[in-house]
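Novice: Only the shape, not the letters, is given here:
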């Protein structure tokens, strides 16, 4: 079965510092990878997906199949980036439900 | 522009009580999902429904039942609540061809 690992429960950085939230996955096939974000008192929402290869709110993530990783990066953190971040995986079979990591809380201090 | 709506937002139950969590979506999506979110464990799939009238078990289905009576609504029922079911419950929906899943705001359930 597939699995997503986010090793850090909490990541605290200062405003303007670079951010990297780690995500590793295990799946033998070719999954779709996503980052979802949950701001305080808001619903979980999609931040970005690997197939789009886009930058959203300054965040990027590159799928590294060799290392089975999908780390989320931003060069200069902003206070409004403080939120809970979840890495998620979806396989191309069956129910196509998301498998989530345990999440990383990003705290950006002024 | 409601998206996915869950009711109630908060609920406290006594052990052994029953209740139904409601979820409705207005995006005409075929697939709907129920997840639970526990500290340190992320979201885990309880049940899902690929289309109206069909349901299937997810990762943690024990103690729950679901109903997909129409395309809009997907309810989750706890027949006899247990403290282990204290959690935040999220409903989500998506179209088969869409990569993005849309989530409700969650229901915080406490079983005492």
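Specialist: Everything's here; your move. Model, not experiment: these values are computed from the prediction. Numbers count the residues shown, from 1 in each chain, chains lettered A, B, ... in the order given.
Novice: which stretches of the chain have low pLDDT?
Specialist: You didn't pick a chain, so chain A it is. A:92-95 (pLDDT under 70).
Novice: Wait, chain B was what I had in mind.
Specialist: For chain B, the stretches with pLDDT under 70 are B:1.
Novice: Swap in 90 and give it another go.
Specialist: The model of chain B has pLDDT under 90 over residues B:1-2, B:39-42, B:53, B:69, B:95-100.
Novice: can you pull out the strands in chain B?
Specialist: All strands of chain B, identified by DSSP state E, fall at B:4-7, B:10-13, B:19-25, B:31-38, B:42-49, B:56-57, B:64-67, B:75-78, B:87-94, B:102-103, B:107-111.
Novice: Those residues of chain B touching chain A, which are they?
Specialist: When proximity is defined by C-beta under 8 Å from any C-beta of the partner chain, chain B lies next to chain A at B:4, B:31, B:33, B:35, B:40-45, B:48, B:50, B:56, B:58, B:90, B:92, B:96, B:99-101, B:103-106. For glycine as for every other residue, the C-beta is placed from the backbone atoms N, C-alpha and C.
Novice: what do you get if the cut-off is 6 Å, keeping everything else the same?
Specialist: B:33, B:40-43, B:45, B:48, B:99-100, B:103, B:105 (C-beta under 6 Å from any C-beta of the partner chain).
Novice: Buried among those? Make that a ChimeraX selection.
Specialist: Those of the residues of chain B next to chain A that count as buried under 16 or more other C-beta atoms under 10 Å in any protein chain shown are selected in ChimeraX with:
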select /B:33,42,43,45,48,103,105
